[in-house]
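Colleague: have a look at this prediction, sequence included:
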Amino acid sequence: MPLPSSSFAILGAGLMGRLLAVELARQGHRVDIYDAGGPGAEQSAATVAAAMLAPLAESAITEPGVVRMGHHALTRWPQLLAGLAEPVYFQQEGTLIVWHRQDAAEASRLTRQLEANQQKVPELPALQKLDSAGLAQAEPALAQRFAQGLYLPGEGQLDNRQLLAALVVEMQRLAVRTHWNTPQTPEAFRPGTPGQPDWVLDCRGLGARADWSALRGVRGEVVRIHAPDVTLQRPTRLVHPRYPIYVAPKQDHLFVIGATEIESDDLSPASVRSTLELLSAVYAVHPGFAEGRVLELATQCRPTLPDNLPAIRQPRPGVLEINGLYRHGFMIAPAMLDVALEVLNTGQSELSPRFDLALELEPAASATGAVAAPACA
């Protein structure tokens with residue numbers, strides 16, 4: 001039987017908040033979304049991201065459950081993007097990993113680690129080892145720079161800023177009531193009482209620290225470069241003695257480059273040291289970057305829980321908190337979306353054990369409202 005429509009107040013209009021607003025509104029529910037900033041999402045970690053969908057590549061630094069979330073996303077993102085009125089750049093041409101000769105030992109260690117991780121998540125395609133000829137075929141622009149590499153088939157990326165803008169258009173089309181520059185907290189609502197929403201969904205990221213004290217910020221820095229002399233077919237990662245550097249090519253020779261990860265919630269501009277390291281490393285990947293133009297050097301902090309894993313919890317009836325997406329926001333957001341929709345519908349989730357996702361729920365999570373079940377891949 002179709003379930004009655006419900007009303008939702010979503011706090012935070014970053015990636016998760018916008019995805020939830022669109023999916024719930026499509027199902028016929030009344031949705032209000034509140035954010036401390038504007039529709040440009042300038043304060044959101046999702047704005048400063050490469051939006052790579054790379055579960056096997058990220059397995060070097062995360063747990064199998066997150067890797068399975070990333071694999072889930074590779075099927076779900078095309079479905080989610082297909083429903084948007086505005087186009088969003090999406091690519092699924094795999095990930096390339098390269099290294100200089102002096103870093104061959106670190107590359108061998110990484111290869112062994114990725115092969116072991118692939119065995120833990122066998123649904124992932126196996127990595128392919130490339131010699132110089134294979135590398136030249138996969139990425140001609142790098143043929144003269146590197147003698148070997150790894151190719152991780154099936155991995156992808158999207159344009160984060162195009163997506164955030166397209167979700168705003170979709171919210172307008174679906175009559176989601178947007179409240180920009182209007183920060184709110186769960187305490188401002190009494191779900192299920194007259195005149196109040198049935199559910200409050202807290203997706204504020206670091207803005208929720210007052211209510212979720214375990215949250216911390218992990219700082220990241222990225223450079224956006226327009227380099228007409230560089231053509232890369234897919235996201236490329238450089239094995240580096242200190243940290244892995246990624247180069248994510250977007251449309252029209254725009255590249256997002258990053259690597260730094262600092263245990264700090266400092267939002268000051270990037271340091272000279274990290275800027276020099278990023279630019280020197282990207283020049284070592286392709287000399288054409290020397291004539292590129294630096295469009296933006298941005299910093300942001302990702303909301304992170306002590307175990308670096310995401311979680312969903314229900315602190316009181318009618319309030320659901322979704323947080324801790326860390327550096328994997330775009331890679332795991334579809335899985336988090338589908339789990340949240342299951343919880344809202346049934347009070348539990350069949351997907352969460354597959355993802356090893358921490359759920360802290362009230363016994364009757366769906367007592368104050370319910371939504372239609374998600375179309376999971």
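Modeller: Happy to help now that I have it.

Colleague: in the stretch 201-350 of the chain, which spans are helices?
Modeller: 272-285, 329-346 (DSSP state H, counting those that start in this stretch).

Colleague: got JSON lines for those helices, with distance to residue 107 and mean neighbour count too?
Modeller: All C-beta atoms are positioned from the backbone trio N, CA, C, and that covers glycine. JSON lines is the format used below for the helices of the stretch 201-350 of the chain (distance: least, C-beta to C-beta, whole Å; neighbours: other C-beta atoms under 10 Å):
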{"stretch": "helix 272-285", "distance to residue 107": "14", "mean neighbour count": "16"}
{"stretch": "helix 329-346", "distance to residue 107": "23", "mean neighbour count": "24"}
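
Colleague: closest one to residue 148 among the ones you listed?
Modeller: Closest approach to residue 148 among these (C-beta to C-beta): helix 272-285, 14.6 Å.

Colleague: by contact count, what packs against that closest one?
Modeller: strand 216-226, strand 236-238, strand 245-249, strand 254-262 (3 or more C-beta pairs under 8 Å, 6 or more residues apart in numbering; DSSP states H and E).

Colleague: of all these, which one is nearest residue 97?
Modeller: Using C-beta to C-beta, the helices and strands packed on helix 272-285 put strand 236-238 closest to residue 97, at 4.7 Å.

Colleague: compare the mean pLDDT across the helices of the stretch 201-350 of the chain and name the weakest.
Modeller: When these are compared by mean pLDDT, helix 272-285 comes last with a mean of 90.

Colleague: pLDDT weak spots in the stretch 151-300 of the chain?
Modeller: 260 (pLDDT under 70).

Colleague: and residue 357, what is it in contact with?
Modeller: 65, 69, 309-312, 335-336, 339, 349, 351 (C-beta atoms under 8 Å, 6 or more residues apart in numbering).

Colleague: which PyMOL command selects the buried ones in those residues?
Modeller: Typed into PyMOL, the line below selects the buried ones among the contacts of residue 357, using 16 or more other C-beta atoms under 10 Å:
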select buried, resi 65+69+309+310+311+312+335+336+339+349+351
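
Colleague: which of the contacts of residue 357 lies closest to residue 194?
Modeller: Once C-beta to C-beta is applied, the member of these that ends up nearest residue 194 is residue 312, at 27.4 Å.

Colleague: isn't the closest one up against residue 358?
Modeller: Yes - using C-beta atoms under 8 Å, residue 312 is in contact with residue 358, at 7.3 Å.

Colleague: can you put the helices of the stretch 201-350 of the chain in a markdown table and add distance to residue 47?
Modeller: Shown next, in a markdown table, are the helices of the stretch 201-350 of the chain (distance: least, C-beta to C-beta, whole Å):
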| stretch | distance to residue 47 |
| --- | --- |
| helix 272-285 | 18 |
| helix 329-346 | 11 |
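
Colleague: residue 116 is nearest to which of the ones you listed?
Modeller: Closest approach to residue 116 among the helices of the stretch 201-350 of the chain (C-beta to C-beta): helix 329-346, 19.9 Å.
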